[in-house]
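1. Make a model of this:
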Amino acid sequence: MHKLKLLFLFRLENQMKLSNLNSSNKEVRKYAIYTISGYIAAFLMFLGYILFIAIDLNANNTMAAFFVLLSSLLFWIFGIWNNLSGFDDVIDGKDSDFIFSLPIKSWEAKLLPLLSKYTIHIILTFIVLMFGYILTLSFLNIYFIVIFLVLIILSFVIPLLATNLTFLISLLVRNFLSLIKFRNNVTESILSLGIFIAPLIYFIFNSESVDYKEWFINASIFRYSMYEITEFHFILNLVLLFIITIVTTTLTISVLHYFHHFLKDQKIKKLKRRNMNAAWTVNTPIIALLRKEFKLYFSSLTYVSNTLLTPVGMIALNICILIGVIPNLHSFSYDVIGFTITAQHIFTMITFIFLMLTTTTSCSLSFEGKSIWVMLVAPIRITKIAVAKVLVNKLLFLPGMALTVIVLYTVFHVSIPYLITMLALMFSTLLLISVVGFLVNLYFPSYTWSNDMEVVKQSKATIITAIISMLTIPVIILVVYVDNIFLILLTILLEVVVILRMMTIISNRSLMLN
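-> Model prediction:
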């Protein structure tokens, strides 16, 4: 048991890149710092968002629903995050050979990745819930020990349920698609995510409000406020959640234990297909490169699921508005700290967040892996490679951008000049973040990786691009909110200048192995 505990702590350190801080390799230490800094920044931003929610609920005298909303947000965020991350690392991670070579029992080696995932999510959930409790101290006149006990239970229930359900759903989808011989990464990713978020979409569809807080409150697994903590229905809700968590956790652990070899074989077959699909042939340069990029992109479930959510979300949002899922949207307005935000403001802000939140280009070079030598010896300019990789990201967002234009014109009744200006801003902003991602990846490539997750979500280029994106999004949102056409035109001009400058830098560089 002592050995297992030490191994468990080792894997937690490895997942969080803490062990790399003591590496003798300077680049490894820098990469660890980037990774940890990115995790900390994202977590602090989420805590800041929780603070904003508390202020908003307090201003509207609805503080009683705070923990219902917070529990819902945590559940859906963890669930969507698990869907995007996938469970290949839990089934057969990069350190699996090392773990199975240790003098520990077979079931301990099989379950260690899953248990470490549980632990990290439980710790994060507990921190967020305790932060929420601190924010509501002046509103909850209940004994601390009672609240603390409820928060402890929720700290286990929320992350375990989110992990178990997504694991079981993805497993069922994968085997169903294999049974009907229609399995591919895109279908598997979209279907798994769609099944998981179907209840959330149902509650949004049946809501008569455009208030996101009401959507998540209605879709919360934790149904009652802390003020009802002594009521029978509150206790019943908590007990049922606890029982469901025990059942799903037992089922998940049993499946992973008894079918581990079968699940590992499924992953190996998927990797072989991906390597076969990644073959590259040269025909007409741009078209051949573009076809090759799409084959490479759709060959990885991790790559697709982590970058396709925002384009699909953009399409879903526009369709929901066009078919009238959100009623009386054009007349909606929202007051925040003395500023009036209309539905059009919110819609355009969300659109630009979708456009800039993720990009395929930040890991597109690194994803070539060890086959990068093919590009190194091919007589093709790097600018053509950049154009092909940037086009993949732009084409993914093209349907959403087209629907956005239709919504702005038919629902919000904007003028034609304003519509053309906004379309130009969307196009230039998307092009900007796409070129930024490629340039950053050109400076910080990582071709020696053993797991898709390492390059798609944890590489230095991805983290730096995400930081640049998070810094740029507020600026674009401010420009959209000010709603001045001359300011928008100036922003477009600045973006074009930056894009041209970056393309010049790209053309003067060459692909290099690291």
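
2. what about residue 254, how many neighbours?
-> 10 (other Cβ atoms under 10 Å). (Glycine included, C-beta is placed from N, CA and C.)

3. Distance of it relative to residue 479?
-> To residue 479, residue 254 is 53 Å away according to Cβ to Cβ, to the nearest Å.

4. Repeat that for residue 350.
-> 15 Å.

5. who's more crowded, the two?
-> Taking neighbours as other Cβ under 10 Å, residue 350 and residue 479 compare with residue 479 leading, 19 against 15.

6. tell me the contacts of the more buried one?
-> 425, 487, 488, 491 (Cβ atoms under 8 Å, 6 or more residues apart in numbering).

7. In terms of secondary structure, what does the helix or strand in which the first one is found contact?
-> Read it as residue 425. Element membership of residue 425 [criterion: DSSP states H and E] is helix 416-443. Here helix 416-443 touches helix 343-357, helix 382-410, helix 460-482, helix 485-507, going by 3 or more Cβ pairs under 8 Å, 6 or more residues apart in numbering; DSSP states H and E.

8. which regions of the protein sit below the pLDDT cut-off?
-> 1-25, 27-28, 31-32, 93-104, 183-185, 208-210, 266-285, 326-339, 373-379, 511-514 (pLDDT under 70).

9. longest single helix anywhere in it?
-> helix 144-179 (DSSP state H).

10. list the buried ones in the next helix-or-strand element following the helix holding residue 425?
-> Counting by DSSP H and E, the next helix or strand C-terminal to helix 416-443 is helix 452-456. By neighbour count with 16 or more other Cβ atoms under 10 Å, helix 452-456 contains the buried residues 452, 453, 454, 455, 456.

11. cool, stretch 306-322 as well?
-> Buried-residue list, stretch 306-322, by 16+ other Cβ under 10 Å: 306-318, 320-321.

12. Identify each buried residue in the helix or strand harbouring residue 125, please.
-> Assigned by DSSP H and E, residue 125 belongs to helix 106-135. Buried residues in helix 106-135, counted by 16+ other Cβ under 10 Å: 108-119, 121-122, 124-126, 128-129, 131-133, 135.

13. likewise stretch 421-437?
-> 421-422, 424-437.

14. Can you list the neighbours in contact with that stretch?
-> 348, 351-352, 355-356, 359-364, 386, 390, 393-394, 397, 401, 404-405, 408, 414, 461, 465, 468-469, 472, 476, 479, 485, 488-489, 491-492, 495-496, 498-499, 502-503, 506.

15. May I see the PyMOL selection of the buried members of those residues?
-> Selecting the buried subset of these in PyMOL, with 16+ other Cβ under 10 Å as the burial test, is done by:
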select buried, resi 348+351+352+355+356+359+360+361+362+363+364+386+390+393+394+397+401+404+405+408+414+461+465+468+469+472+476+479+488+491+492+495+499+502+503+506
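
16. Near the residue nearest to residue 187 when sequence neighbours are not counted, how many residues? Count them for me, please.
-> Distances taken as Cβ to Cβ, 6 or more residues apart in numbering place residue 177 nearest to residue 187, at 6.2 Å, with adjacent residues excluded. The number of residues packed near residue 177 is 16, by other Cβ under 10 Å.

17. Correct me if wrong: residue 177 contacts residue 189.
-> No: counting by Cβ atoms under 8 Å, residue 177 does not reach residue 189; the two are 10.8 Å apart.

18. what's the helix holding residue 125 packed up against?
-> helix 2-15, helix 26-59, helix 66-85, helix 88-92, helix 96-100, helix 144-179, helix 232-258.

19. try 10 Å
-> helix 2-15, helix 26-59, helix 66-85, helix 88-92, helix 96-100, helix 144-179, helix 232-258, helix 260-277 (3 or more Cβ pairs under 10 Å, 6 or more residues apart in numbering; DSSP states H and E).

20. With distance to residue 197 added, can I get these in CSV?
-> Converted to CSV, these look like this (distance: least, Cβ to Cβ, whole Å):
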stretch, distance to residue 197
helix 2-15, 25
helix 26-59, 19
helix 66-85, 7
helix 88-92, 21
helix 96-100, 30
helix 144-179, 10
helix 232-258, 18
helix 260-277, 23
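
21. so which of these gets nearest residue 447?
-> The closest of the helices and strands packed on helix 106-135 to residue 447 is helix 26-59. By Cβ to Cβ, the value is 13.5 Å.

22. May I have the secondary structure class of residue 341?
-> The three-state label given to residue 341 by DSSP: H, G, I helix; E, B strand; the rest coil is strand.

23. Begin at 57, not 1, for the rest of this chat.
-> With the count now opening at 57, the last piece we talked about shows up as residue 397.

24. Give the closest residue to residue 226 in space, chain neighbours not counted.
-> Closest to residue 226 by Cβ to Cβ, 6+ apart is residue 248, at 4.6 Å.

25. Contact partners for residue 549?
-> By Cβ atoms under 10 Å, 6 or more residues apart in numbering, the residues touching residue 549 are residue 484.

26. now swap in residue 411 and tell me
-> Here residue 411 is in contact with 366-367, 370, 449-450, 453, 456-457, 460, 481-483, 485-490, 525, 529, 532 (criterion: Cβ under 10 Å, 6+ apart).

27. how does it look with 6 Å?
-> 485, 486 (Cβ atoms under 6 Å, 6 or more residues apart in numbering).

28. and what of residue 500?
-> Contacts of residue 500 by Cβ under 6 Å, 6+ apart are 516, 517.
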